[in-house]
Each structure stands twice: as structure tokens, then as C-alpha cells.
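Trainee: Coordinates for the following, if possible.
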Amino acid sequence: MSNADIYHEMIIDYSRNPINYGKIEDHDVTFHDSNPLCGDSIDIDMKFNDNKVSDIKFHGKGCAICMACSSVLTEIVKGKEIDEVRNISKNDILSELGLEHLQAVRIKCALLSLKVLKSALYSYLGKHLKDSQDVDTLKEEAANLY
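Mentor: Below is the predicted model of the structure:
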């Protein structure tokens, strides 16, 4: 079995049996976004404790790539410190599923959950930052997501 076959099987498995799928009722932040071109629609709920992501769940609908990437992303993020989450890149997600050379038309499917995660995190941090310089840095990070 080739690496491509293994990654293909992982994507199918994650899409059929997503990890961290569901809702957090008492979340600290939630965010929604969609990809109107293909119909993917994802919400991410997060809970924080001691500057770490103590729980994260996603729900919505999407293609196999979107669901697989959402599952992988939530696995990577759970238990991480906020600064670590801020530094997660698109390559971190794509490489986990062997999608580094994904066609441009499918890249939005793969990265929708990362966009939603970062937007949720920036929303949470924006409400909790006191220093205006930190807020400006956060806005710059958000503007340079992709």
C-alpha cells in the first residue's frame, strides 16, 4: 500500500468517523464559516482553562476533505496553549493527511476549519486583551491568515 493510499484511507475514515464532532454547550467561544462554492459549513466551539484549549469540538457538514481536516485540526489543538494554537499553519494540517499538493479548487475545503479556528481564537483573544499593541498584532495576524 502506497503513502497516497494510506492518506486516502485516513481521509475516508475521518470523514465517516469524525473525531471531536459535536457541540460544547458551555463554550468560551464559537465561530461559524462556510465555503459557498462547495457547500462546506463548519462551526467550532472551544473551551479554555489555564491559557490552554481544554476542549474543542466541531459540527457542520462538508466534503470528505473538509471533515477529515476538521477532525485532525481538533486533535492537534486539544490541550495546546493558546500561543501554540496561534502558530498552527496550513502546512501543519495539510501534511497530516498528505495533502501538501492539493489542487487549488480543494484547498478551501481543507483549510475551512483552520480559518474557523483562527477566527474563533482571535475573537476570544480580542475580548480578553488589554494592551492595544497586542490587539493590533492580533489584527495583523488575522489579516495574514492566507
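Trainee: Low-confidence ranges, the protein, go.
Mentor: Counting by pLDDT under 70, the low-confidence segments of the chain come to 1-5, 7, 129-146.
Trainee: ok, which stretches of it are strands?
Mentor: 29-35, 40-49, 52-61 (DSSP state E).
Trainee: got TSV for these, with mean neighbour count too?
Mentor: From N, CA and C alone the C-beta is placed, and that goes for glycine too. Formatted as TSV, the strands of the chain follow (neighbours: other C-beta atoms under 10 Å):
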stretch	mean neighbour count
strand 29-35	17
strand 40-49	20
strand 52-61	19
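Trainee: how about CSV for the ones you listed, with distance to residue 23 added?
Mentor: What follows is these, written out as CSV (distance: least, C-beta to C-beta, whole Å):
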stretch, distance to residue 23
strand 29-35, 8
strand 40-49, 6
strand 52-61, 6
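Trainee: For the closest residue to residue 70 other than its chain neighbours, grab the count of nearby residues.
Mentor: Leaving out its chain neighbours, the residue that sits closest to residue 70 by C-beta to C-beta, 6 or more residues apart in numbering is residue 113, at 3.9 Å. Counted with other C-beta atoms under 10 Å, residues neighbouring residue 113 total 28.
Trainee: show me what contacts residue 113?
Mentor: Residues near residue 113 by C-beta atoms under 8 Å, 6 or more residues apart in numbering: 42, 44, 58, 66, 69-70, 73-74, 93.
Trainee: Tell me who's in contact with the closest residue to residue 85 other than its chain neighbours.
Mentor: Take residue 85 and drop its neighbours on the chain: the residue closest to it by C-beta to C-beta, 6+ apart is residue 77, 5.5 Å away. Counting by C-beta under 8 Å, 6+ apart, residue 77 touches 53, 56, 85, 88, 117.
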